[in-house]
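# what shape does this take:
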Amino acid sequence: MGPVRLALLLSVAAVLAAAGAVYIPYNTSAGVVPGKLNVHVVPHTHDDVGWLKTVDQYYVGSNNSIQGACVQNVLDSLIPALLKDENRKFIYVEQAFFQRWWRNQNDMIKDTVKGLISSGRLELINGGMCMHDEAAVHYIDMIDQTTLGHKYIKEEFGQIPRIGWQIDPFGHSAVQAYLLGAEVGFDAFYFFRIDYQDRDTRKGTKELEVVWRGSKTLGSSADIFAGIFPKNYEPPPGDFYFEVDDNSPVVQDDPLLFDYNVEERVNDFVAAAVAQANITRTNHIMFTMGTDFKYQYAESWFRNMDKLIHYVNKDGRINALYSTPSIYTDAKYAANEQWPLKTNDFFPYADNPNAYWTGYFTSRPALKRYVRMMSGYYLAARQLEFFKGRYSSGLSTDSLGDALALAQHHDAVTGTEKQHVANDYAKRLSIGYTQAQELVSTSLACLTESGSKSRCASPVTKFSQVSPWLVFILFYQMAPILFFALRILMMRITLRVEGVSSRLPMSLLRGISNVELREVDVDAQFQSHGPVVSSCAVSAECSSLQGGGQFSVHECPGSGQLIECPEELCQFGSQQGVGQISVLTEELCQFGSQQGVGQISVLTGPGNGQLNGCLEDHNQIGCQQVGALAGNLGSVADCEVLLPRESPVAATSPPLLLRPKPIQVYFRRRRGARRVEETALGSSPSQPPAAAVNVSTSRVSEFLSSITKECLLLNVTYCPPSEMDLTKGKSLVVLVYNSLGWKREDVIRIPVFSDSIVVHDSEGREIESQLLPIATASLNIREKHVKAYLGTTPGAKPKFWLAFPVSVPPLGFNTYFVSNLKKSAHISSKSTQYSPQGSESSNLQVGQGNLKLQYNEAGKLSLYSDSKTMVQANFEQKYKYYIGQDGNGSDPQASGAYIFRPNGTVPISTDGQVGPIPVDDGNGKEVATEIVTNMVTNKTFYTDSSGRDFIKRIRDYRSEWKIEVHQPIAGNYYPVNLGIYVEDGSKELSVLVDRSIGGSSIKDGQIELMLHRRLLHDDGKGVAEALNETVCLDKQCEGLIIQGKYYVKIDPQGEGARWRRTFGQEIYSPLLLAFTEQDGGNWANSHVAKFSAMDSTYSLPDNVAMLTLQELEDGSVLLRFAHLYEAGEDKDLSSLASIDLKRVFPEKKIGKVIETSLSANQERAAMEKKRLKWKAQGSAADEKVVRGGPVDPSKLVVELGPMEIRTFIVSFDHISDKQQL
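Below is the predicted model of the structure:
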């Protein structure tokens, strides 16, 4: 047979085969079948909110040269795929992505998706904004980001997530199990990454699924079902990956086509199911069908899963069904099994003998510190937001909350992302901080003006009484001259407003009327409206003026609220962008209201294009023409002057009625504002004030702008507000805010220039202070980092740290005044300058009180002595570094962002600054500090779980299995978020930290903390980039310098918990410092210098912290309290605590208190009633668990048992003075 004839026959056969193909209906309706092995097929995707690409790049699918991933494609393709078969199901986790996608959908798609969610075909599980980490995060951040996501899901979809899905974090904390699991109402919690030895042991004993009791204190009341995946969170062994670019064989079920493989694919599926069933209890197993960023073409996955379910069930050996973790959990619960009991946590995680994922506990320590700083700031800012009053269009903390939520992702705060992604997280935090800072500044200004415990009134009320004049100078550099709409905050409505501009051309002018005075607020866009409280008229006589004019505002004599215009009316338009002026049609007459920064109103005359104004011919004031500062809008000023007046100004001619339109009056505050000095304020229109910067206003505007001066770079000795010149009679005003619920006494320090300084408190009393010389090394860091981060070179270098004690009431502030001593004044005995004592050849003892530290001749700490507690210990602190493994040789595992693998077990000891870490020798280095004592600690130490419970650790030991020790250093490192301590039966050595780091006790009596890491090799865990952080200046880069703190204390046995808990909370919630200046010493006379939101005689108990005080959109308040102690941790404070809500809110009438789940998405009682209660094997009878009882609505007292956190929605019947800023 010839080749041509053979080809023809094959072609005919192919055509005939194609003609015989038929439609195959797939039966995917299977449910659970009793007596069979049920395989729950769970389609899912895992979408990191940042890792190799930024969160935005992942969503839109850009920067695909790094990774081909587009979450928008996943969600776009998912919905039509689900609609093709009502049995198909899917779960989605990351709310940061889902909410972005949701906001871009039309109503039809939204209605469709809501139907899928309500029917259970699309399940939103876990529910946080991200899949947060569990090692490098603080429990408050975990709660906050979960609450954000749960709140949105409840409000938008009416759903309450019931499953935890933490499938990718690198180890799992006890706090996640009981707090972010049971206490948010989850019925189960599924995850993957546990130690490889632990996994192998559990497979052999069928203990991959357990009841996890994460809290010793809360016992079985906080148990949760925990499922550990046998291999990973991907499809089972056997090649079941069905993305269009995957290599797995698809299910080819057309017998008329080549490569028919139904039997083979069914056998692969059944074999994988049987293998997993052999290590799993009950006849239910889960197949996780998906992995990172899959389902970008969802139909490819569902088409093959349809076929698998259809043919596997037709085969009959097992039963396969579309499922979700909720359905799977219910099936496990229905089996009525007793499950193995798990306690403690799953740290550290290793996936092979030389790969302990403990390096990330410390990776990117600067980012970790930034996250922790912003977390504490967010807590304080929400309190101040509540004091000010939150409204939907006002300034808010939302942006910072969103940025912090993203930063908790398991490839964010962990430091396991690429450098450009780390930069993106930091940028988002910076943007969020900037917006929150505006709110904090406004709120503090308000509180210093009013001192209200219920709601801030307008801060202008008091400060505007300094002088009979308020002067506003507005700039715009473009022609023609433009009239800005002004928003002016006023207490009185009997006022006269005069306006002057020297550049107005001679024109025919007409009158207008009906200027509305409104209660208003300054929001992020500087625009908001409250209810109208008064209406005023602007009247004008038609006349020709040359060179200027004015208009007046007076109280309306009647109810006629009109804007009146002549037939030849000048037109009003609104500018939508710089240089683009939109003029309304000639028939309209209205003021365009200001909608955002840079949007203004413009007036042009019909036909000639010249600017016209509505003016009245009174005595003219004149006009300021001043130069604009860099970055301001322009250089021509239009001065508007507000004068108190007892009687209205009469109109000089009757206006002509055309069309009624409202005119809104605004005042816009601009950055960099300075107040007009009182001496420059004139007493009559003929004596105009002089000013030379953007906006000149009363004292309140000065404080509003200057109070924004906070010092985020104080750790590198940079604080411009405190470095002011005090030699010309000015004083520095330092406002110290305390976000804790108890009185706080501390010592603060700020950089200053003068060596002759005195500090006074809010009552005018001089207090003790000390000047400490600033080290040259610190000033060098300041110079370099300020220029690198801010792009500016700092000015003259301050010479001293000024340290002074402060005492701040709970939920309140105190004010301190720093001034220069006059040359002729007596040098205060309370102001001292430090001078070193001792000599190089002798021991040096430091400390004037009970605590004394002794340094030896080599300058090393050698003795710790506390005469109050009678504790004394030999003590040494030193630095060392581990040389990072490079991954060469017989074992390719290197140290990297995830992995800590030192080269050998004996470190090289060194003393020095933490950075820049030198790598010129070709070795990456991991710098640690160790504190060494002679305590006998029996291999035992304690580390915190996400800042909450302390967990006992024993070196080279695991309670669930016999560990094979391959890495004696890295394998004994644990995450430290709050602290670490050791004890020897007579005393305790505790170390607390200011950020998440890794720590251990490698030897008895020793505590070790890893402070910084700089490595030259990737560890092969996916990031494909060495952890080599640098700071670049003038194209020269060197290693990142880390400036941090840790705190050390030795206490008698059993007494260390009080310091760890109290001081640990103070580290998390540092004092917030804000600065302004005063001239003449009269600031305290016109401001509230000391304030507490709570009853002046009340504070929270010593064992209670207020975690959340946040006003919600409907005016109710999210309130969250935490008991800080575990059961038996302290003889006095591990007890039931009580909070009196009436004294927490002394000037509010509490209407309703509803207790909710931890994430505030359901009532607590309903949650407890429906949450599944699991049976645990060998569970001894719990010690009595102490929890607080229901809140009596008449007494309004909240009780807290040890380790209990309670969350409430509080509504107020009345909030006095609902004015806003």
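# which strand or helix spans Y59?
helix 55-60 (DSSP states H and E).
# how far off centre is that helix?
Taking C-alpha atoms, centre = their mean, to the nearest Å, the mean C-alpha location of helix 55-60 is offset from the chain mean by 20 Å.
# cool, stretch 308-328 as well?
On C-alpha atoms, centre = their mean, the centre of stretch 308-328 falls 42 Å from that of its chain.
# buried ones in it?
The neighbour-count check on stretch 308-328 (16 or more other C-beta atoms under 10 Å) flags 308-313, 318-328 as buried. Using the backbone N, CA and C atoms, a C-beta is placed for each residue, glycine as well.
# just stretch 110-126 next, same as before
Of the residues in stretch 110-126, T112, V113, L116, I117, R121, L122, E123, L124, I125, N126 count as buried by neighbour count, 16+ other C-beta under 10 Å.
# please save the CA atoms from it in CSV.
The C-alpha coordinates for stretch 110-126 follow below in CSV (Å, rounded to 0.1, in the frame of the first residue of the first chain):
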residue,chain,number,x,y,z
LYS,A,110,-22.6,40.3,42.5
ASP,A,111,-26.0,38.8,42.7
THR,A,112,-24.8,35.6,41.1
VAL,A,113,-21.8,35.4,43.5
LYS,A,114,-24.1,36.0,46.5
GLY,A,115,-26.2,33.1,45.4
LEU,A,116,-23.2,30.8,45.1
ILE,A,117,-22.0,31.8,48.6
SER,A,118,-25.4,31.5,50.3
SER,A,119,-25.8,28.0,48.7
GLY,A,120,-22.4,26.8,49.9
ARG,A,121,-21.0,26.3,46.5
LEU,A,122,-18.5,29.1,47.0
GLU,A,123,-17.3,29.1,50.6
LEU,A,124,-15.2,31.9,52.1
ILE,A,125,-13.1,30.3,54.8
ASN,A,126,-10.4,31.5,57.2
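# that stretch - what's its average pLDDT?
In this model, stretch 110-126 has an average pLDDT of 97.
# what of stretch 1128-1139?
Mean predicted lDDT for stretch 1128-1139 stands at 96.
# what's the end-to-end length of it?
One end of stretch 1128-1139 sits 21 Å from the other (C-alpha to C-alpha, to the nearest Å).
# what about that stretch, distance to the chain center?
The chain centre lies 30 Å from the centre of stretch 1128-1139; the measure is C-alpha atoms, centre = their mean.
# cool, and stretch 164-175?
Distance of stretch 164-175 from its chain centroid, counting by C-alpha atoms, centre = their mean, is 20 Å.
# residues of it that come out buried?
Within stretch 164-175, the residues scored as buried using 16+ other C-beta under 10 Å are G164, W165, Q166, I167, D168, P169, F170, G171, H172, S173, A174, V175.
# stretch 792-804 now?
P794, K797, P798, F800, W801, L802, A803, F804.
# format these as TSV; extra columns: distance to H1017, secondary structure and pLDDT.
As requested, the buried residues of stretch 792-804 are exported to TSV (distance: C-beta to C-beta, whole Å; DSSP: H, G, I helix; E, B strand; the rest coil; pLDDT from 0 to 100):
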residue	distance to H1017	secondary structure	pLDDT
P794	36	coil	82
K797	38	coil	86
P798	41	coil	89
F800	43	strand	90
W801	40	strand	89
L802	45	strand	92
A803	43	strand	90
F804	48	strand	92
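# closest one of the residues you listed to K860?
W801 (23.2 Å; C-beta to C-beta).
# would you map the helices across the stretch 151-300 of the chain?
With helices called from DSSP state H, counting those that start in this stretch, the stretch 151-300 of the chain shows them at 174-178, 196-205, 262-277, 298-315.
# out of those, which gets nearest to Q1177?
helix 196-205 (11.2 Å).
# which strands and helices lie in contact with the closest one?
Applying 3 or more C-beta pairs under 8 Å, 6 or more residues apart in numbering; DSSP states H and E, we find helix 196-205 packed against strand 350-352.
# what helices or strands is the strand it packs on leaning on?
Applying 3+ C-beta pairs under 8 Å, 6+ apart, one finds that strand 350-352 makes contact with helix 196-205.
# what average pLDDT does the helix it packs on get?
Here helix 196-205 scores 96 as its mean pLDDT.
# cool, stretch 247-256 as well?
pLDDT averaged over stretch 247-256 gives 93.
# before we move on, what about stretch 59-69?
Stretch 59-69 shows a mean pLDDT of 95.
# where does pLDDT dip in the stretch 801-950 of the chain?
Along the stretch 801-950 of the chain, segments meeting pLDDT under 70 span 822-850, 852, 857-859, 885-913.
# give me that answer again for 90
Low-confidence segments of the stretch 801-950 of the chain (pLDDT under 90): 801, 820-922, 924-925.
# can you give me the neighbour number for the closest residue to P721 other than its chain neighbours?
Spatial nearest neighbour of P721, chain neighbours left out: F1075 (3.5 Å); criterion: C-beta to C-beta, 6 or more residues apart in numbering. Counted with other C-beta atoms under 10 Å, residues neighbouring F1075 total 21.
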